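> attaching a predicted model along with its sequence, questions to come.
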There are 2 protein chains.
Amino acid sequence: MRVDELQTPVLAVDVDVLEFNLATMARALPGARLRPHVKAHKCTALAARQAAHGHTAFTCATISEMEGLARAGLGSDLLLANEVLDASRLGAIDGRVSIAVDSEATIRAAVAGGVCEVLIDVNVGLPRCGCEPARAGWLADVARRQGLEVRGVMGYEGHTMLVEDRATREAAVAVSMDSLRVAHADVGGEVVSAGGTGSYDCNTFATEIQAGSYALMDTAYAKLDLPFRPALFLVARVISVSRDYAVADCGLKALGMDHGDPMVDGGSVWFCSDEHLTFAPHEPLEVGDRVRVWPAHVDPTVAYHEQVRVVSGEDVVDSWPVDLRGW
Amino acid sequence: MRVDELQTPVLAVDVDVLEFNLATMARALPGARLRPHVKAHKCTALAARQAAHGHTAFTCATISEMEGLARAGLGSDLLLANEVLDASRLGAIDGRVSIAVDSEATIRAAVAGGVCEVLIDVNVGLPRCGCEPARAGWLADVARRQGLEVRGVMGYEGHTMLVEDRATREAAVAVSMDSLRVAHADVGGEVVSAGGTGSYDCNTFATEIQAGSYALMDTAYAKLDLPFRPALFLVARVISVSRDYAVADCGLKALGMDHGDPMVDGGSVWFCSDEHLTFAPHEPLEVGDRVRVWPAHVDPTVAYHEQVRVVSGEDVVDSWPVDLRGW
């Protein structure tokens, strides 16, 4: 089938660009130096490609992502980089499961749920989960006294990820990793898990980088000076044309909107409605024409779709279920 | 089961508030005066409740919504208030199907797909689909010459919907309906389909109002002086607490973000991440506490969820599949 024959709106990945991104990252961070974050794509089929590039340990944001990877045979080393208060489903996973803990309550939850390995989650500047660096050693002691294996520390410098100026970004990452270094000295363990697509080449302290967006990219990350290229887009069809604008059949229920409007090839976006994209085309368009729409944030975009069509050039070569959705 | 026993994050509807909203609207716009828009909830179970309140004709935004309503036995009068270029799935629906057309191409698509009835979609000020009012009569003639039954006109004054000042909103609605009146005079037909939750009581020209949000409401519509109450929320759990803020396990993959951040009971939202809500609680919270989160835009929020739990007070009394998702 050709891309032009797909019913619209439809989510698509350019598999050649994807493979370029995966290969580029695998050269920079080979094997276990990268722990790909599957929250960015929620596809076990795409995770299998990351494993084929040598990355067999994965990062997850939800229990469902952990379960799905294990079911797909990708459970050799799974990290839930998030806190949970009911770990029973995690304890039941057939695979190696580690989770982040940042409090006595989450340590108790790990023990009660039958999870054996943890990372101490440390706040390195992003106001989200993670204990104060000075408290990490004490929490590690608490965890070890309860019989947990503490593999090391985690500290996500998410607030630095989309800083466009490289020098500013690098400096911010370094400050965050100074905090994590303090915590790691107290906690011990082999693992220092941190970083993301925006810091994959400047976070030199982490033993493993949790990048996810690099595989598919989006217009927000495209503003940075990264070698990865946008691979994920929507195909939409022009359903109405007026003097100043055109309307395509792809709206905000097909797009994560927290980073703002998408971009559209050959036009300037005015706004999105539930099922519409109103834009000013640079050249006249006709009703029925197809356009490609580029999401501003890939993670919540993928989460709206049941499947992603895999395209090479103008051919549809496969379809991958977005099988890690939900909680 | 109690609400406090649900795994989080979870989407929930307060069925008592929902019934209040449905009854309030049914009194204001009884029977066919309301053509509920199902895009706001995407649940055939909720549509069945709207039918029980006397509204048996429905508005849809996607082909999947049309198909799903018909499968659920609610297909006695379905309007796709949107343009399509491939109407074959619509022509195959076992039920009464009308669609919006605003061009010769969409008229040809209706004929080719086996759809028999159309409304002429008229631009009444929102830059989206819809023909110029002066062109509506000509399009109706084109449609009739091709054997279509033209039931009347449609013109959605969406740009007026969230205008907070009532007098300003009413004036804007009146201007839009003046445009639709011009078009209707040329087109003819019994149906004038327009309006939404924001104009349900001031759009006096439309023969049927396409309101959807009134059933569940959201924080954007709550700013208006409407009698409907918020019925849809997420239950989240506090997974981390710091000195100045708390973090709940409900993020932007569980929430439509185009209208901005949600609200949280007992706190002020700082920001959402994929799976986290960082907020400043008004009173100290503990890890494990549950909070209710109120979406800013109900339509794209619902579209992220497989099901919505139906609650009455603190009891979970049912679960409705969100079975009208996708395209």
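All right, it came through fine.

> residues of stretch A:21-40 that come out buried?
Judged by neighbour count using 16 or more other Cβ atoms under 10 Å in any protein chain shown, the buried positions of stretch A:21-40 are A:21-22, A:24-26, A:29, A:33-40. C-beta coordinates here come from the backbone N, C-alpha and C atoms, glycine included.

> over to stretch A:137-144?
Result for stretch A:137-144 [16+ other Cβ under 10 Å]: buried residues A:G137, A:L139, A:A140, A:V142, A:A143.

> mind checking which of those residues are in helices?
Judged by DSSP state H, helices contain the following of those: A:G137, A:L139, A:A140, A:V142, A:A143.

> can I get the buried residues of stretch A:137-144 in TSV with pLDDT and distance to chain B?
Supplementary listing: the buried residues of stretch A:137-144 in TSV, determined by pLDDT from 0 to 100; distance: Cβ to the nearest Cβ, whole Å:
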residue	pLDDT	distance to chain B
A:G137	98	18
A:L139	98	12
A:A140	98	17
A:V142	98	14
A:A143	98	15
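
> out of the residues you listed, who's nearest A:V264?
In terms of Cβ to Cβ, no member of the buried residues of stretch A:137-144 lies closer to A:V264 than A:L139, at 47.7 Å.

> distance to B:Y200 added to the buried residues of stretch A:137-144, as TSV?
Supplementary listing: the buried residues of stretch A:137-144 in TSV, determined by distance: Cβ to Cβ, whole Å:
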residue	distance to B:Y200
A:G137	60
A:L139	54
A:A140	58
A:V142	56
A:A143	56
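
> quick check: the farthest pair among these?
A:G137 and A:A143 (10.7 Å).

> ok, and which of the buried residues of stretch A:21-40 reach chain B?
For chain B, the contacts drawn from these by Cβ under 8 Å from any Cβ of the partner chain are A:K39.

> out of the buried residues of stretch A:21-40, which is nearest to chain B?
If you rank those by distance to chain B using Cβ to the nearest Cβ, A:K39 comes first, at 5.8 Å.

> ramachandran angles for A:C43?
In this entry, A:C43 is assigned phi and psi values of phi -120, psi 120 (degrees, to the nearest 10).

> got the contact list for it?
Remark: with contacts taken as Cβ atoms under 8 Å, 6 or more residues apart in numbering or on different chains, A:C43 is in contact with A:V302, A:V308, A:W320, A:P321, A:V322, A:D323, A:L324.

> same thing with A:V264?
With contacts defined as Cβ under 8 Å, 6+ apart, the neighbours of A:V264 are A:A236, A:A248, A:L277, A:F279, A:V291, A:R292, A:V293, A:W294.

> mind listing what's buried along the one helix or strand A:A109 maps to?
Element membership for A:A109 (DSSP states H and E) is helix A:104-113. Across helix A:104-113, burial judged by 16+ other Cβ under 10 Å covers A:A105, A:T106, A:I107, A:R108, A:A109, A:A110, A:V111, A:G113.

> per-residue pLDDT, the residue lying closest to A:E157 once chain neighbours are set aside?
In space, and not counting its chain neighbours, A:E157 is closest to A:S176: 3.7 Å by Cβ to Cβ, 6 or more residues apart in numbering or on different chains. In this model, A:S176 is scored at 97, pLDDT.

> could you do the one 10 residues further on as well?
A:D186 is assigned a predicted lDDT (pLDDT) of 98.

> what is the one helix or strand the residue nearest to A:E157 maps to packed up against?
Taking DSSP H and E as the criterion, the element that holds A:S176 is helix A:166-187. Packing partners of helix A:166-187 (3 or more Cβ pairs under 8 Å, 6 or more residues apart in numbering or on different chains; DSSP states H and E): helix A:136-145, strand A:149-155, strand A:191-194.

> distance to A:V17 added to the ones you listed, as JSON lines?
Written out in JSON lines, the entries for these read as follows (distance: least, Cβ to Cβ, whole Å):
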{"stretch": "helix A:136-145", "distance to A:V17": "39"}
{"stretch": "strand A:149-155", "distance to A:V17": "30"}
{"stretch": "strand A:191-194", "distance to A:V17": "27"}
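
> residues from the stretch 151-300 of chain A in reach of chain B?
Applying Cβ under 8 Å from any Cβ, we find that the stretch 151-300 of chain A lies next to chain B at A:158, A:237, A:239-242, A:244-245, A:247, A:249, A:252-254, A:256-258, A:270, A:272-276, A:278, A:286-288, A:299-300.

> now, of the residues you listed, which are buried?
For those, burial is judged from neighbour counts taken by 16+ other Cβ under 10 Å, and it is met by A:158, A:237, A:239-242, A:245, A:247, A:249, A:252-254, A:256-258, A:270, A:272-276, A:278, A:287-288, A:299-300.

> same question for the helix holding A:A109, mean pLDDT?
Helix A:104-113 shows an average pLDDT of 98 in the prediction.

> equivalent analysis for stretch A:259-269, please.
97.

> flag every buried residue along it.
Going by neighbour count (16+ other Cβ under 10 Å), the buried part of stretch A:259-269 is A:H259, A:G260, A:D261, A:P262, A:M263, A:V264, A:G267, A:V269.

> from these, pick the one nearest A:A70.
Proximity of the buried residues of stretch A:259-269 to A:A70 (Cβ to Cβ) peaks at A:H259, which lies at 30.7 Å.

> thought that closest one was touching A:D218?
Yes - A:H259 is within contact range of A:D218, at 7.3 Å (criterion: Cβ atoms under 8 Å).

> run a quick neighbour tally on A:A136.
A count of neighbours around A:A136, defined by other Cβ atoms under 10 Å in any protein chain shown, yields 27.

> what's the nearest residue to it once chain neighbours are set aside in contact with, if anything?
Counting by Cβ to Cβ, 6+ apart, A:A136 lies nearest to A:A183, which is 3.7 Å off, once chain neighbours are set aside. Residues in contact with A:A183 (Cβ under 8 Å, 6+ apart) are A:I120, A:V122, A:P133, A:A134, A:A136, A:G137, A:V153, A:G155.

> correct me if wrong: A:A280 contacts A:D244.
Yes - here A:A280 reaches A:D244: they are 6.3 Å apart, a contact under Cβ under 8 Å.

> before we move on, back to that, which of the buried ones among the residues of the stretch 151-300 of chain A next to chain B fall in helices?
Mapping these onto helices (DSSP H) picks out A:D299, A:P300.

> restricted to strands, list the buried ones among the residues of the stretch 151-300 of chain A next to chain B.
Secondary-structure check on these using DSSP state E: residues within strands are A:R237, A:I239, A:S240, A:V241, A:V247, A:W270, A:C272, A:T278.

> got those residues as JSON lines, with distance to B:A222 columns?
Below are these laid out as JSON lines (distance: Cβ to Cβ, whole Å):
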{"residue": "A:R237", "distance to B:A222": "35"}
{"residue": "A:I239", "distance to B:A222": "32"}
{"residue": "A:S240", "distance to B:A222": "31"}
{"residue": "A:V241", "distance to B:A222": "36"}
{"residue": "A:V247", "distance to B:A222": "29"}
{"residue": "A:W270", "distance to B:A222": "26"}
{"residue": "A:C272", "distance to B:A222": "22"}
{"residue": "A:T278", "distance to B:A222": "26"}
